[in-house]
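Trainee: Fold the following.
(chains A, B, C and D)
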There are 2 protein chains.
Amino acid sequence: MTTDIYPSMTVADNEQKERPVEKMQLGKQVKAIRKQNNLTLEEAGKLTGLARSTLSKIENEQISPTFAVMQKLAAGLNIDIPQLFTKPEKAQATGRRDVTKSGQGVPHLTPTYEHELLSTQLSQKKMMPYRSRVHARSFDDYGDWVRHEGEEFLLILEGEVELYTEFYEPTKLTVGDSAYYDAMMGHCLISTSKEDALILWVTTS
Amino acid sequence: MTTDIYPSMTVADNEQKERPVEKMQLGKQVKAIRKQNNLTLEEAGKLTGLARSTLSKIENEQISPTFAVMQKLAAGLNIDIPQLFTKPEKAQATGRRDVTKSGQGVPHLTPTYEHELLSTQLSQKKMMPYRSRVHARSFDDYGDWVRHEGEEFLLILEGEVELYTEFYEPTKLTVGDSAYYDAMMGHCLISTSKEDALILWVTTS
DNA sequence: AACAAAGGTTTCCAATTGGAAACTTTTCCT
DNA sequence: AGGAAAAGTTTCCAATTGGAAACCTTTGTT
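Mentor: Numbers count the residues shown, from 1 in each chain, chains lettered A, B, ... in the order given. Take a look at the predicted model:
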């Protein structure tokens, strides 16, 4: 018997703390994923290397798959194992959409940037997209990193820029190039060409 | 037809993308957890309701436990299932970035789409960006909506498309236009011009 | 409506798991 | 060191899984 107080657990026969044996519907979940991908049992079978009968039984909770099978499932469907039994938290049903015609976004100007916020009608959204015209580099304003919560994705639409991120070498980006980074790293973008650069930005939170 | 990457996977026999069947050492992991809690197989058995022989075999990777057993394990040891096979992961620190040069993304082809996944190096990200070439509308494939968790943002880079979303009138989009919507609404995109369309997409989750 | 094809379920059986108990190794006393 | 109890491993077997194929259902076509 353990002498530790702290992390240890007590072994009282059935006095278990009863972690609410999460009512996981592995079957339901698997089926949902398969459906989302428009796959038939046959196809899913090919992808995962499992018999379609096995898949059927799993989906209908007729059997409890072994870990080995779960691995095949995840690998074949290209997902992580936890997704097999973790509910994808209820879609907060934003249930809306917002189309922004070119140039009709909400402008937001600064000395070096002309931002155009893109989907401003939707309040409850997880991403925040905007298009920015970055003025050709001006002497003074560079070197000042920004750092904030969330992640950022960007794609160069026009021009040429240099992406500075903490811990990384500056990188030159041209039309069509994109980047994704954790915004908590200091980061900053500078237009290196004579022309302005046009950037599409999407940030989280 | 789907406008999404993830919904449709190609089913080419053994051409599997081979998600690196994560070398999970479920056994090692379980043993580590048990040890951390100063439990003997006997005690762990009491807690989880499993035979100590079973536990032994699992720890030594002699058998692949069923999902049911994994649930008992997690419940008994008071942990979440993923912890059974997920390395304590030294703070995989999102703190990274990934630059994708134009055309260097990971391709994913379907009859009507040529997707190019951007930023595939980062695994732990909240957004999933990709660029898709949408082939000019073909008679048959239209009308098939997709519907899935998450939100989507898109921006037209080239061409002309029509955005169909449940509850809304079809909308024509041209270069520079963008849209944001809850992917739970049925949605689908069709190239309406003679030329292919090029779309930048960013989805959540 | 009738038929064909595709998608899904159930059956049957070999292969594997999980539990009880025997067996082996380690730990801990004296 | 010697012996006993504790911890862990292996064996044996009933119970369950996973695969092949037969068997239903649904969908699509003429």
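
Trainee: Chain A: helices as residue ranges?
Mentor: Counting by DSSP state H, the segments of chain A that form helices are A:26-36, A:41-48, A:52-59, A:67-77.

Trainee: what pLDDT, on average, does the last one get?
Mentor: Spelled out, that is helix A:67-77. Per-residue confidence for helix A:67-77 averages out to 88 on the pLDDT scale.

Trainee: What residue in chain A comes nearest to DNA strand C?
Mentor: When scored by CB to the nearest atom of the strand, chain A has A:Ser53 as its residue closest to DNA strand C, at 2.8 Å. In this view, the C-beta of every residue, glycine as well, is placed from N, C-alpha and C.

Trainee: The closest residue to A:Glu114 other than its chain neighbours: how many residues sit nearby?
Mentor: Closest residue to A:Glu114 in three dimensions, ignoring its sequence neighbours and counting by CB to CB, 6 or more residues apart in numbering or on different chains: A:Arg133, at 4.2 Å. For A:Arg133, the neighbour count with other CB atoms under 10 Å in any protein chain shown is 18.

Trainee: The residue of chain A closest to DNA strand C and chain B, how far apart?
Mentor: Shown here: A:Ser53 relative to chain B, a distance of 17 Å by CB to the nearest CB, to the nearest Å.

Trainee: show me what contacts that residue?
Mentor: Shown in contact with A:Ser53 (CB atoms under 8 Å, 6 or more residues apart in numbering or on different chains): no residues.

Trainee: Report the buried residues of stretch A:79-87.
Mentor: Neighbour counts over stretch A:79-87 (16 or more other CB atoms under 10 Å in any protein chain shown) mark A:Ile79, A:Ile81, A:Gln83, A:Leu84, A:Phe85, A:Thr86 as buried.

Trainee: Let me know whether that stretch sits next to DNA strand D.
Mentor: No - in terms of CB under 7 Å from any atom of the strand, no part of stretch A:79-87 sits within range of DNA strand D; the closest distance is 12.5 Å.

Trainee: chain center to that stretch, what's the gap?
Mentor: Its chain's average C-alpha position is 15 Å from that of stretch A:79-87, according to CA atoms, centre = their mean, to the nearest Å.

Trainee: That stretch close to chain B?
Mentor: Yes - if you take CB under 8 Å from any CB of the partner chain as the test, stretch A:79-87 does meet chain B, through A:Ile81, A:Pro82, A:Phe85.

Trainee: Contact partners for the first one?
Mentor: When contacts are counted by CB under 8 Å, 6+ apart, A:Ile81 touches A:Met70, A:Gln71, A:Leu73, A:Ala74, B:Glu22, B:Pro82, B:Phe85.

Trainee: Tell me the most packed of those, by neighbour count.
Mentor: A:Leu73 (26 neighbours).

Trainee: can you tell me how far the closest residue to that residue other than its chain neighbours sits from A:Ile79?
Mentor: Counting by CB to CB, 6+ apart, A:Thr48 is the residue found nearest to A:Leu73 once chain neighbours are left out, at 5.4 Å. Using CB to CB, to the nearest Å, one gets 11 Å for the distance from A:Thr48 to A:Ile79.

Trainee: can you check A:Glu61 too?
Mentor: On the measure of CB to CB, A:Glu61 and A:Ile79 end up 19 Å apart.

Trainee: For A:Met128, see how far away A:Arg97 is.
Mentor: When distances are taken as CB to CB, A:Arg97 and A:Met128 turn out to be 16 Å apart.

Trainee: Over to A:Glu195?
Mentor: The span separating A:Glu195 from A:Met128 equals 26 Å under the rule CB to CB.

Trainee: Which one of those two is surrounded by more residues?
Mentor: For A:Glu195 and A:Met128, the more surrounded residue by other CB under 10 Å is A:Met128, and the numbers stand at 19 against 13.

Trainee: Touching, that one and A:Ala183? I think so.
Mentor: No - with contact defined as CB atoms under 8 Å, A:Met128 does not reach A:Ala183; the gap is 11.4 Å.

Trainee: what do these two both touch?
Mentor: Listed as contacting both A:Met128 and A:Ala183 by CB under 8 Å, 6+ apart are A:Thr203.

Trainee: Which pLDDT value goes with A:Leu84?
Mentor: Each residue has a pLDDT score; the one for A:Leu84 is 84.

Trainee: A:Thr204 pairs with what?
Mentor: Beta-bridge pairing of A:Thr204, defined through DSSP bridges, involves A:Met127.

Trainee: Report the contact partners of it.
Mentor: Applying CB under 8 Å, 6+ apart as the definition, the contact partners of A:Thr204 turn out to be A:Lys126, A:Met127, A:Met128, A:Gly150, A:Glu151, A:Glu152, B:Lys126, B:Met127, B:Thr204.

Trainee: Go again with 6 Å.
Mentor: For A:Thr204, the residues meeting the contact criterion (CB atoms under 6 Å, 6 or more residues apart in numbering or on different chains) are A:Met127, A:Gly150, A:Glu151, B:Lys126.

Trainee: isn't the first one right up against A:Val202?
Mentor: Yes - with contacts counted by CB atoms under 6 Å, A:Met127 reaches A:Val202, the gap being 5.2 Å.
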